[in-house]
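# Quick one, what's the 3D model for this:
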Amino acid sequence: MKQLYKIHAEMCKVFSNSIRLEILNLLRDKELSVTELIEKTKLSQANISQHLSIMKSKGIVTSSRKGKNIYYKLTNPKIIKAFDIIREVLTERLKEDGRIVKEL
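Next comes the predicted model:
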């Protein structure tokens with residue numbers, strides 16, 4: 001069981017970085033090339049490649065080469081479900097915090 005917690009924690013590290021969250025969201029329902037990710041995020045190739053490498057090592061994304069381009073996609077659509085649930089909880093908390101601030 002402890003090993004499962006360790007693996008779980010390692011996978012969750014992907015969710016601890018805003019750039020990786022942005023990449024996850026961009027890959028939500030489609031495969032994108034590194035070039036497309038660079039264009040959409042306005043980040044450098046080195047930066048994007050570093051984050052994709054981390055995501056690949058954690059089993060979040062997989063890659064395939066098509067000609068000169070490398071394409072990335074999510075390994076499992078349930079990853080987006082986890083992403084969306086965390087975002088929903090955050091949104092609810094921010095709304096509640098807003099109500100608390102207005103009441104004060």
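# Check which helices and strands the helix or strand hosting residue 54 sits against.
Residue 54 is part of helix 45-57 when elements are defined by DSSP states H and E. Applying 3 or more CB pairs under 8 Å, 6 or more residues apart in numbering; DSSP states H and E, we find helix 45-57 packed against helix 18-26, helix 34-41, strand 61-66, strand 69-74. In this view, the C-beta of every residue, glycine as well, is placed from N, C-alpha and C.
# Just put the ones you listed in JSON lines and tack on distance to residue 11, mean neighbour count and mean pLDDT.
What follows is those, written out as JSON lines (distance: least, CB to CB, whole Å; neighbours: other CB atoms under 10 Å; pLDDT from 0 to 100):
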{"stretch": "helix 18-26", "distance to residue 11": "11", "mean neighbour count": "16", "mean pLDDT": "96"}
{"stretch": "helix 34-41", "distance to residue 11": "20", "mean neighbour count": "15", "mean pLDDT": "97"}
{"stretch": "strand 61-66", "distance to residue 11": "12", "mean neighbour count": "14", "mean pLDDT": "96"}
{"stretch": "strand 69-74", "distance to residue 11": "12", "mean neighbour count": "17", "mean pLDDT": "97"}
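# which one of these lies closest to residue 50?
Across the helices and strands packed on helix 45-57, residue 50 has its closest neighbour in helix 18-26 (9.1 Å, CB to CB).
# angle of that closest one against helix 34-41?
Taking axes from the mean of the first three to the mean of the last three CA atoms, to 10 degrees, helix 18-26 and helix 34-41 form an angle of 110 degrees between their directions.
# Who are the packing partners of helix 18-26?
Packing partners of helix 18-26 (3+ CB pairs under 8 Å, 6+ apart): helix 34-41, helix 45-57, helix 78-103.
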